[in-house]
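Asker: have a look at this prediction, sequence included:
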Amino acid sequence: MEIAELTCPLTYRMLEAPVIASDGFTYSSDELDSWTKERPISPLTRQPLDNARKRTNKAVAALCNCIARYRNPRAGILSMRQSSRESAEEKEFRAVFAAFRNGDETPETVLGRMRRILEGDPHNLEFLLSYLNMLRYYKDFVEADRIQRLIRSLTPSSLDLKVCETRLLMDKGDKQAAYQLLDKISVDMQDLQLKSALRYAIALFTGGLQPRGLAAVQAYTAVVDTCQVGICEYAKMCYTRGRHRDAVMAGEKALTKYPQDLDAIYYTGLAYGALGKKDRAVELFARIARGKKDRIFQGWAYYRMADLRDEKTEFPLKLEELRKAQELFPRLRADRSIAWAYLRKEMFVEACKEMEKAEDTEEETLEVKALAFERAGLRDNAVSTYRRLAGLYPDWKEVCDHRVYLLLNPPIPHDNPS
C-alpha cells in the first residue's frame, strides 16, 4: 500500500479518525462531516451519501497510527529510518534543500552535500527524488539517469518517479517518449477517484503537453469544488495557458475558500496584472510580501510588484522592491533587472556599479554588463565582456564581434564644412 492510499480524498492529508462512508470510500471523519453539511452527495461518485451509515475503518486507523512517526509530511513518502539518525539527516536535508531553492550555494556544493546525505541513507526515497529533481534543474542528465534507475528498482510503481521521468524526458527534448510515458500513467489510473484525475492533469500540465491542455482542464474542473489543491492549481494553469479572465475567476473563488493559499494569491495577482488591473495585482502581491511564510514567494511578490511600477513616476519604489526581491531570493537575479532599469534611465554609472558584484557567466549577466560598460565609456571592460559573451554563447558571436569592432575602431568625426 502506498502513502497516497492513506490520505483523505477531501484534503490529501493523512487520514485522521478514518471512516468508511456509504459510497465505500474512506475519509477523515471530521472532513466528511463538514462535506455532508454542505452537500449530501459523495465527493467521488457524485451519488447520494448517507452520512448516518458511516463506520470506523479500524484497519486503516491502526495502520495510520503505526506509520505516523515515520511519515515525512512534505513528500508523502515513507522512510523507515532509525529515529536516532532521522533528526540529523532531516536537518541537513532541509538545509541543503533551502540552499538549492534560494540559490545560496553553487550547484557543485549543493549536489556534493546531497551525495553525502545519500551515503548515510542510500535508499531514502524522499532524498533520492529531491536529488533527482536537483540534477534535472542543473541538467546533469548522466547522473540523473543513474538515480532514476535506482529509484525504479526500489519502487517501480511510484507516481512521483513517473512524473519526474516525464519532466526529465521533456528536459532532454524527447517529447515522444514523454507522451508515451504519460499515456502509461493514464492507463495505470483506472480508478475513478478525483485524486487520480488531479494527478493526471498535473502530469499532463507539467509535462508541457499543450495539445492535451483541454484534458487537463477537464480533469481540474472535476476537482475544483472538492479540494484546495484542485481549485488553486486550476487558477494557476489557466494563467499559464493565457486564460487570464478564467484565472481571475478561479483565483478569486480559491481565495474565498482558502485566503492564505500562496499559489492562489500569486497567480491571481499575475492574472490581474496581465489584464491591466494593476491596483488589485499589487494588493495581492503585497499580501504575500508582508507575510513570513516563504522567502521565495516573498521574493517573487516584490519582483512582480516592481514589474508593475511606472518607471517615470515610481522609479525609487521600483528599485526598492527589486532590492528586496534580490535579498529574499538571490536566484531571481533582480540585480540584473535593476541594471536594466538604470540603463533605460540612462544612468550608466549606476548600472555598472550594480553589476560589479555579479561574478556568474550567465548569458543575460554578460549582456547587461557589456552594455553598461559600453554606455558608461569603459571601453576595455566592454570589449573583454563582449568577447567573453561570444566565447561562451556562439549565437552572440556576430553581434559581439560587431560591437567590439565599433569600440576599437570608433567612427572618425568629420569637420563641419560650414
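Answerer: Good, I have the coordinates. Numbering: from 1, shown residues only.
Asker: please enumerate the strands of this protein.
Answerer: 18-20, 26-28, 55-56, 71-72, 77-78 (DSSP state E).
Asker: same for the first one, what does it pack against?
Answerer: The one in question is strand 18-20. strand 26-28, helix 29-38, strand 55-56, helix 58-67 (3 or more C-beta pairs under 8 Å, 6 or more residues apart in numbering; DSSP states H and E). The C-beta positions use only the backbone N, C-alpha and C, and glycine is treated the same way.
Asker: flag the shaky bits of the stretch 101-250 of the chain, pLDDT-wise.
Answerer: Along the stretch 101-250 of the chain, the parts satisfying pLDDT under 70 run over 101-104, 155-160, 163, 167, 170, 175, 178-180, 182-231.
Asker: ok, now which ones touch the closest residue to Glu374 other than its chain neighbours?
Answerer: Leaving aside its chain neighbours, Glu374 sits nearest to Ala382 (4.1 Å; criterion: C-beta to C-beta, 6 or more residues apart in numbering). Contacts for Ala382 were tallied using C-beta atoms under 8 Å, 6 or more residues apart in numbering; they are 370, 373-374, 403, 407.
Asker: from Lys345, how far off is Ala382?
Answerer: 19 Å (C-beta to C-beta, to the nearest Å).
Asker: and if you look at Glu354?
Answerer: 12 Å.
Asker: the more surrounded of these two?
Answerer: In terms of neighbours (other C-beta atoms under 10 Å), Glu354 is the more surrounded of Glu354 and Lys345; the figures are 26 against 14.
Asker: hmm, that one is touching Trp340, no?
Answerer: No - contact between Glu354 and Trp340 fails when scored by C-beta atoms under 8 Å: they sit 9.5 Å apart.
Asker: spatially nearest residue to Leu262 (excluding sequence neighbours)?
Answerer: Using C-beta to C-beta, 6+ apart, the nearest residue to Leu262 is Phe297, at 4.9 Å.
Asker: who touches the one you found in this structure?
Answerer: 262, 266, 288, 291.
Asker: most neighbours among these, which one?
Answerer: Going by other C-beta under 10 Å, Tyr266 tops these with 23 neighbours.
Asker: okay, that residue and Lys369: tell me how far apart.
Answerer: From Tyr266 over to Lys369 (counting by C-beta to C-beta), the distance is 30 Å.
Asker: tell me the domain ranges of the chain?
Answerer: 3-72, 227-332, 344-413 (automatic domain parsing).
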